[in-house]
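Engineer: pasting the structure only:
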């Protein structure tokens, strides 16, 4: 049973930073991504990274503030978030697939974590 387990969420003041991590149980996927969701809204794409870390892509709303990275030896993917704003408040989800590419749509991912809450206070 494949599991993705996120950690690192919490409460931070505007302008602060947080680092999210996602551990995949015992295997490495070709492509990882982070999505986020707030109540009443659709889950939205945040960032993605390919197997060789040569391809990263970000939503415009986080470009320049968030950095996605991965450690294939540890089967983990991270999201370093800086200059956080209240509008970044959401549940953040890690997603993974064996498909290689720049994948930004929910249906392109086969495995999902349970989510971790990020709250940014003003």
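Structural biologist: Ah, there it is. Remember, it's a predicted structure, so these values are computed and weren't measured experimentally. Residues are numbered from 1 along each chain as shown.
Engineer: can you read off the pLDDT for the spatially most central residue of the chain?
Structural biologist: Residue closest to the average C-alpha location in the chain (Cα atoms, centre = their mean): residue 34, at 2.3 Å. On pLDDT, residue 34 comes in at 98.
Engineer: surely it touches residue 79?
Structural biologist: Yes: here residue 34 reaches residue 79: they are 4.9 Å apart, a contact under Cβ atoms under 8 Å. Using the backbone N, CA and C atoms, a C-beta is placed for each residue, glycine as well.
Engineer: can you tell me the closest non-neighbouring residue to the residue nearest to the centre of the chain?
Structural biologist: Nearest residue to residue 34 in three dimensions, chain neighbours excluded: residue 46, at 4.3 Å (Cβ to Cβ, 6 or more residues apart in numbering).
Engineer: with residue 82 instead?
Structural biologist: That would be residue 17: by Cβ to Cβ, 6+ apart, it lies 4.6 Å from residue 82.
Engineer: how much space separates residue 84 from residue 26?
Structural biologist: Plainly put, residue 84 is 32 Å away from residue 26 if you go by Cβ to Cβ, to the nearest Å.
Engineer: who has more neighbours out of the two?
Structural biologist: Per other Cβ atoms under 10 Å, whichever of residue 84 and residue 26 has more neighbours is residue 84, with 22 against 9.
Engineer: list the contacts for the more buried one?
Structural biologist: 12, 14-18, 65, 118, 120 (Cβ atoms under 8 Å, 6 or more residues apart in numbering).
Engineer: for those, work out which two are farthest apart.
Structural biologist: Using Cβ to Cβ, these span at most 14.1 Å, a distance reached by 15 and 118.
Engineer: looking at these two, which has the bigger crowd around it?
Structural biologist: Neighbours per residue, other Cβ under 10 Å: of residue 15 and residue 118, the larger number sits with residue 118, 21 against 11.
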